[in-house]
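**Q** 3D model of this:
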Amino acid sequence: MCRYSRFAAPSAWTQTRRSIIRAALRLLIGLMFLAGCLQARAEDRSAAAARQILDDARAEAARDCSRPAGVLVRVLCNRQLRVGLRTYYPGFSVRDASGGFAGYEVDVARHIADFLGVRLVPVAVDPKTRIPLVASQDIDLVIATMGHTVQRDDQVTFIRPHYYQSQTVIIGPTDRQITGWDDLTAQTVCLPVGASSSCSSARHHIRILTFDRPEQLLDALAFHQCAFIVHDNTFFAGLLANPQWSSHFNVKFGFAPQPWGMAVARRGAAAFASLLTDLSIAYHADGVFLDLARAHALDQVFLAQEQQRWSSPGCITASGTADASCLISPADDSDAADTSRFAGRATWLEGVASQWFGLQLNLSLLQHQSTVDLLLGGITYSLALVSGTLLATTGFALAFARLMGSGPLVVRRAVGAVTAIGQTSPLPLLLFFGYVVAGGLTQYTGLVALAVAILVIGFYNGSNAARAINEAYQAAQQRSFLDAVSAAGIQLVAFLINATKGSPAAGMIGVPEFLNVMTDLTAYSRDRAAVYVVLLVFYTGLVLAVIFLLSVAETRLAITVERRA
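**A** Sure thing, here's the model as predicted:
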């Protein structure tokens, strides 16, 4: 009889099971080691490809720096990297009082400059200047919270994989219930100049008011100058985390997720773009982008996903380049259903101008029905503005002159004081004052802005014309008021023409007239020469038409006075 002992030899099944477990552990460790090696090799391949491009550029720079063949060689020859950065975008790039820059994008720029072995030279840019400056090679690289869109691809070369991603959000008062675009129709929505969301807003017939800097949106919202503001969700992250601010304003809805891309010029920067692409792959794979975002307390979901993507050997070819299937496509702001009836003709005209005259016209504004509608609306507002200011100027001039010439003493002095204000105050200051008053009394819309502009411009020019009429009336007391108007006809006509020429100034308070609309829609275009020509022709023709009509009216007035005499 055998007695059990804990020191007895293990059974065959136990030995087999232990062997299987040991083999599985060895396999698991081997797979982990292999994955680590593959990841390291993937990162090394991308970094090595970037170093090879850099070495080739350095060799070329060593041979001759008198005529750099491209942007990268010029950077190495000058030993400095000029990077376009935003001046106020918390978390990403902020310039302090001493002129220094800090933020996630600034740190990315420093890493690139360190890799190249050159000095970083920050250059302040904004949504209006970032594309023109890099396209003209006044700067070497732009890293400025710029969404990568299909529409911008023909202006600059974007670097992929992207270094960040955001989505656009609508922010408004917590007591305003907004569920979608339809609730914003006819509302005044404010956004930064050059924002790609301006086209999306236009398609939904939303009135746009733009500001040069995104921080101005916050003041406009706080002082009820804008019903809602639109910008990237990253800009509002810190504010929404503040209980005091978020108790008054919140996110209504979000749309249009956009990857953010570094960008270089389309010409002369192919080698630099390839180097930055390889660096971006390596920075994603080894967690540089992720660590920099974490250091600035930014949202890291996208970067964590990208690190996992680019750590995979399947996304990097044997040469270290990116597999196209792993790259995120740029956002597309276009809409096939939004094609206008002028689209075909616009494309034909672009082709004719290019083939016959060598001109590169950009008639994209005529290819979308939403922008065509906005342009037609701008023309309508301009015509209404000019007509209104002519009537208002005439009305103020005649009323003020009559009261100053034949009213009670108190009224004459009061009107004299009021016209003195109109004569001595700058028009922009009067427009701004009217804008503030109207914004405090009612919801500020395009029609309200139009009414304010008509009254202010009419008051400004009517005050000057009234003085001229009153002086003519005082100089010939025995004659009628109509005679005084006729005698001061030249001055009256001059101020009516001045009112016409001053009408585009109404755009500064949000009147959606032609100049304002064209400026908003082309703020991010690199070539706006054709736009300015169109504006010049439009306003010149408008002023000439007014001059002709006024000359006819002046002639008829003179004939009437002569008949009465």
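**Q** which stretch of helix or strand covers Ala453?
**A** If you go by DSSP states H and E, Ala453 is part of helix 446-475.
**Q** for that helix, which positions count as buried?
**A** Residues of helix 446-475 classed as buried: 446, 448-473 (neighbour count, 16 or more other C-beta atoms under 10 Å). (C-beta placed from N, C-alpha, C; glycine too.)
**Q** Then stretch 46-54?
**A** By neighbour count with 16+ other C-beta under 10 Å, stretch 46-54 contains the buried residues 46-47, 49-50, 53-54.
**Q** Then stretch 503-520?
**A** Buried residues in stretch 503-520 (16+ other C-beta under 10 Å): 503-507, 509-520.
**Q** contact partners of it?
**A** 188, 193, 198, 207-210, 374-375, 377-379, 381-382, 385-386, 389, 427-428, 431-432, 434-435, 444, 446, 449-450, 452-453, 457, 531, 534-535, 538-539 (C-beta atoms under 8 Å, 6 or more residues apart in numbering).
**Q** mind saving the C-alpha coords of that stretch as CSV?
**A** Extracted in CSV, the C-alpha atoms of stretch 503-520 (Å, rounded to 0.1, in the frame of the first residue of the first chain):
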residue,chain,number,x,y,z
SER,A,503,-21.1,103.5,-47.4
PRO,A,504,-18.5,100.6,-47.3
ALA,A,505,-17.5,101.9,-43.9
ALA,A,506,-20.7,100.4,-42.7
GLY,A,507,-19.1,97.0,-42.9
MET,A,508,-17.2,97.7,-39.7
ILE,A,509,-20.4,97.5,-37.7
GLY,A,510,-21.6,94.3,-39.4
VAL,A,511,-23.7,95.5,-42.3
PRO,A,512,-23.5,92.6,-44.8
GLU,A,513,-22.9,94.9,-47.8
PHE,A,514,-20.8,93.9,-50.8
LEU,A,515,-17.4,94.8,-49.4
ASN,A,516,-18.1,93.0,-46.1
VAL,A,517,-19.3,89.9,-47.8
MET,A,518,-16.4,89.7,-50.2
THR,A,519,-13.9,90.3,-47.4
ASP,A,520,-15.5,87.5,-45.3
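**Q** just to revisit the earlier point, of the contacts of stretch 503-520, which belong to strands?
**A** Per DSSP state E, strands hold the following members of the contacts of stretch 503-520: 188, 207-210.
**Q** Out of the residues you listed, the closest to Gly261 would be?
**A** Nearest to Gly261 out of those is Thr210 (C-beta to C-beta; 22.7 Å).
**Q** Would you mind putting the ones in strands among the contacts of stretch 503-520 into JSON lines with neighbour count and pLDDT alongside?
**A** Putting the ones in strands among the contacts of stretch 503-520 into JSON lines (neighbours: other C-beta atoms under 10 Å; pLDDT from 0 to 100) gives the following:
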{"residue": "Thr188", "neighbour count": "23", "pLDDT": "78"}
{"residue": "Arg207", "neighbour count": "23", "pLDDT": "70"}
{"residue": "Ile208", "neighbour count": "24", "pLDDT": "73"}
{"residue": "Leu209", "neighbour count": "25", "pLDDT": "76"}
{"residue": "Thr210", "neighbour count": "22", "pLDDT": "74"}
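**Q** any chance of the residues you listed in JSON lines, plus distance to Cys77?
**A** As requested, the ones in strands among the contacts of stretch 503-520 are exported to JSON lines (distance: C-beta to C-beta, whole Å):
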{"residue": "Thr188", "distance to Cys77": "50"}
{"residue": "Arg207", "distance to Cys77": "49"}
{"residue": "Ile208", "distance to Cys77": "44"}
{"residue": "Leu209", "distance to Cys77": "45"}
{"residue": "Thr210", "distance to Cys77": "39"}
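**Q** Would you mind identifying the next helix or strand past the helix holding Ala453?
**A** helix 481-487.
**Q** buried residues in the helix or strand that comes right after that following helix?
**A** Sequence-wise, the next helix or strand downstream of helix 481-487 (DSSP H and E) is helix 489-501. Buried residues in helix 489-501, defined by neighbour count with 16+ other C-beta under 10 Å: 489, 491-500.
**Q** so what does helix 489-501 touch, helix or strand wise?
**A** With contacts taken as 3 or more C-beta pairs under 8 Å, 6 or more residues apart in numbering; DSSP states H and E, helix 489-501 sits against helix 369-406, helix 446-475, helix 529-564.
**Q** chain center to the last one, what's the gap?
**A** Computed by C-alpha atoms, centre = their mean, to the nearest Å, the separation of helix 529-564 from the middle of its chain amounts to 36 Å.
**Q** Report pLDDT for Thr14.
**A** At Thr14, the model reports a pLDDT of 62.
**Q** Ok, Gly84 next?
**A** Gly84 is given a pLDDT of 98.
**Q** ok, now Ile131?
**A** Per-residue confidence (pLDDT) for Ile131: 94.
**Q** Now do the buried residues in the helix or strand containing it.
**A** Assessed by DSSP H and E, Ile131 sits inside helix 130-135. By 16+ other C-beta under 10 Å, the buried positions in helix 130-135 come out as 130-135.
**Q** and if you look at stretch 158-176?
**A** Buried residues in stretch 158-176 (16+ other C-beta under 10 Å): 158-166, 168-172.
**Q** how about that stretch as PDB, C-alpha atoms only?
**A** Output in PDB follows, covering the C-alpha atoms of stretch 158-176 (Å, rounded to 0.1, in the frame of the first residue of the first chain):
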ATOM      1  CA  PHE A 158      -0.100  70.200 -45.600                       C
ATOM      2  CA  ILE A 159       2.000  67.800 -43.600                       C
ATOM      3  CA  ARG A 160       0.500  64.400 -42.800                       C
ATOM      4  CA  PRO A 161       0.100  62.700 -40.400                       C
ATOM      5  CA  HIS A 162      -1.600  65.700 -38.700                       C
ATOM      6  CA  TYR A 163      -0.400  66.900 -35.400                       C
ATOM      7  CA  TYR A 164      -3.900  67.600 -33.800                       C
ATOM      8  CA  GLN A 165      -7.600  67.500 -34.500                       C
ATOM      9  CA  SER A 166     -10.500  69.600 -33.400                       C
ATOM     10  CA  GLN A 167     -14.200  70.200 -34.200                       C
ATOM     11  CA  THR A 168     -16.100  73.500 -34.600                       C
ATOM     12  CA  VAL A 169     -18.600  74.300 -31.900                       C
ATOM     13  CA  ILE A 170     -21.400  76.900 -31.500                       C
ATOM     14  CA  ILE A 171     -21.300  78.700 -28.200                       C
ATOM     15  CA  GLY A 172     -24.100  80.800 -26.800                       C
ATOM     16  CA  PRO A 173     -26.000  81.800 -23.600                       C
ATOM     17  CA  THR A 174     -27.200  78.900 -21.500                       C
ATOM     18  CA  ASP A 175     -30.800  80.100 -21.600                       C
ATOM     19  CA  ARG A 176     -30.900  80.000 -25.500                       C
END
